[in-house]
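Trainee: need the 3D shape of this:
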Amino acid sequence: MEQGMTIFDELKARGLLAQLTDEEEIKELINHGKATFYIGFDPTADSLHVGHFMALLLMKRLQEAGNKPIALMGGGTGMIGDPSGRTDLRTLMTVETIDHNIECFKKQISRFIDFEEAGKDGNGAIMANNADWLRDLNYIEFIRDIGSHFKVNEMLRARCYENRLNNENGLSFLEFNYMLMQSYDFLELYNRYGCNMQFGGDDQWSNMLAGTELIRKKLAKDAYAMTITLLLNSEGKKMGKTAKGAVWLDPNKTSPFEFYQYWRNIGDDDVLKCLRMMTFLPLQQIDEMDAWEGSQLNEAKNILAYELTTLVHGEEEAQKARKGAEGLFGGAAPDMESAPEVKLLDEDYRDGKADILSILVRAGLATSRSDARQNVTQGGVTVDGEKVTDIATSYTKEELENGILVKRGKKSFKKVIS
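Mentor: Model prediction:
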């Protein structure tokens, strides 16, 4: 926590606070370590992505200030799908897929918050799963007990529903239940763990308010909600997307080098905001960067990329990624040590050899064999510093045992091993 500042003041100074139900009460709770708060994670993929990153960092900041986090896995709500920010119905997932994704989430979240039983100052985090109370609900009992507290005309004014109602795809009754489910989660967590606060993205505001209202109506108790500012670039678009798709926290989906490169390449207008919102660097140090221009802004991007890569992948991977990036931007040749590593599979070999096209596709340096063929024939591919122009070039497992450095174009390279 920033020296001389309360945790609330720091969150405000970093630009993280969006909407709050009761600023004075929330300030009192989190400044004195009295908040037991939850953030929900619907398991729509087998990895968390940059969109979840802000929530994880907030949990870390608040736990370090003495508050108790609950990471709520959406094993129940994930079977419906949140309509917020969607223009169509999500693809429905099987129970097996949802449960697998939750296991992947748990490992990643553990890098950010402490789940030790006692925890620092008795505020060890709790991992909960709403499948425990949602999957076996009796529908008639639920609608009588919970649904009776929701007015449809008020629900329809919620932004998450309003947008869908005006969309050609409409809003399914399945998704219409989502607000009730999320509100019931808050009530259940209040009863089970004394959870008195919910945090989430600013697009969740309607659902979060509904939860505080349900607790007030059912228990005559106060609960609070606070939303985090969405991470948008200077053009108002969500950050964390590339031409390839989402920027994942799983190193097998987005390598530490690619993760580093994403932040190293953000716009000049976004770097200071990202440093404030996402790193743990002192605010005074970041404020001093406000006057930086030109090459100094590039250094600020290097600092941002290094800090965030360290948080997600550890210092060793961050150092390797930085070294690889310095080689690219400085004009030096990349080396094996700094290159992201890719391991070939048995299916990549034919007659004991892997050809250069298969290698490029497996390494993610080409989208298809035809894409790889074009790059090879146009002279855009090198292996260990030597240009490869013959598409029949191939390598045995023995030749790949210690790895080869495959480079496509000026800035994309991988270490490929057997």
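Trainee: got the CA positions of stretch 70-79 in CSV?
Mentor: Extracted C-alpha coordinates of stretch 70-79, given in CSV (Å, rounded to 0.1, in the frame of the first residue of the first chain):
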residue,chain,number,x,y,z
ILE,A,70,-13.6,-14.6,-1.9
ALA,A,71,-12.9,-15.8,-5.4
LEU,A,72,-16.3,-17.1,-6.6
MET,A,73,-16.1,-19.7,-9.5
GLY,A,74,-19.2,-19.6,-11.6
GLY,A,75,-19.8,-23.3,-11.9
GLY,A,76,-23.6,-22.6,-11.7
THR,A,77,-23.9,-19.2,-13.5
GLY,A,78,-21.5,-20.4,-16.2
MET,A,79,-24.3,-22.8,-17.3
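Trainee: any idea of the mean pLDDT for it?
Mentor: Average pLDDT, stretch 70-79: 90.
Trainee: and the contacts of it?
Mentor: 36-44, 59, 92-93, 95, 98-99, 101-102, 105-106, 109, 113, 125-135, 178, 181-182, 185, 189, 193, 195 (C-beta atoms under 8 Å, 6 or more residues apart in numbering). C-beta here means a position set from N, CA and C on the backbone, and glycine is covered the same way.
Trainee: and what of stretch 397-409?
Mentor: 334-336, 339, 341, 344, 349, 352, 354, 359-360, 363, 365-366, 375, 380-385, 395, 413-418.
Trainee: list the buried residues in the helix or strand Y306 falls within.
Mentor: Take DSSP states H and E as the rule and Y306 turns out to sit in helix 295-313. By neighbour count on 16 or more other C-beta atoms under 10 Å, the buried set for helix 295-313 is 297, 300-313.
Trainee: list just the nearest of those to H52.
Mentor: V312 (10.9 Å; C-beta to C-beta).
Trainee: quick check: buried residues in the helix or strand harbouring K12?
Mentor: Assigned by DSSP H and E, K12 falls within helix 7-13. Buried residues in helix 7-13, defined by neighbour count with 16+ other C-beta under 10 Å: I7, F8, E10, L11.
Trainee: next one: stretch 100-107
Mentor: Buried-residue list, stretch 100-107, by 16+ other C-beta under 10 Å: N101, I102, C104, F105.
Trainee: make JSON lines out of these and add secondary structure, pLDDT and distance to E213.
Mentor: JSON lines is the format used below for those (DSSP: H, G, I helix; E, B strand; the rest coil; pLDDT from 0 to 100; distance: C-beta to C-beta, whole Å):
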{"residue": "N101", "secondary structure": "helix", "pLDDT": "92", "distance to E213": "30"}
{"residue": "I102", "secondary structure": "helix", "pLDDT": "92", "distance to E213": "28"}
{"residue": "C104", "secondary structure": "helix", "pLDDT": "91", "distance to E213": "33"}
{"residue": "F105", "secondary structure": "helix", "pLDDT": "92", "distance to E213": "28"}
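Trainee: burial measure for L16, as a count.
Mentor: For L16, the neighbour count with other C-beta atoms under 10 Å is 20.
Trainee: need the contact list for it.
Mentor: When contacts are counted by C-beta under 8 Å, 6+ apart, L16 touches M54, L58, I228, T229, M277.
Trainee: now, among the residues you listed, which is nearest to A18?
Mentor: T229 (4.8 Å).
Trainee: quick one, phi/psi of the residue nearest to that closest one when sequence neighbours are not counted?
Mentor: Leaving aside its sequence neighbours, T229 sits nearest to A18 (C-beta to C-beta, 6 or more residues apart in numbering; 4.8 Å). Backbone geometry at A18, expressed as degrees, to the nearest 10, gives phi -110, psi -80.
Trainee: OK, contacts around A18?
Mentor: Counting by C-beta under 8 Å, 6+ apart, A18 has contacts D202, W205, M226, T227, I228, T229, L230.
Trainee: now list the buried members of the contacts of stretch 397-409.
Mentor: Among these, the ones that count as buried (16+ other C-beta under 10 Å) are 334, 339, 341, 344, 349, 354, 359-360, 363, 365-366, 375, 380-383, 395, 413-416, 418.
Trainee: filter those down to the ones in helices?
Mentor: I359, L360, N375 (DSSP state H).
Trainee: how about these in TSV, adding distance to G324?
Mentor: Below are these laid out as TSV (distance: C-beta to C-beta, whole Å):
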residue	distance to G324
I359	19
L360	18
N375	20
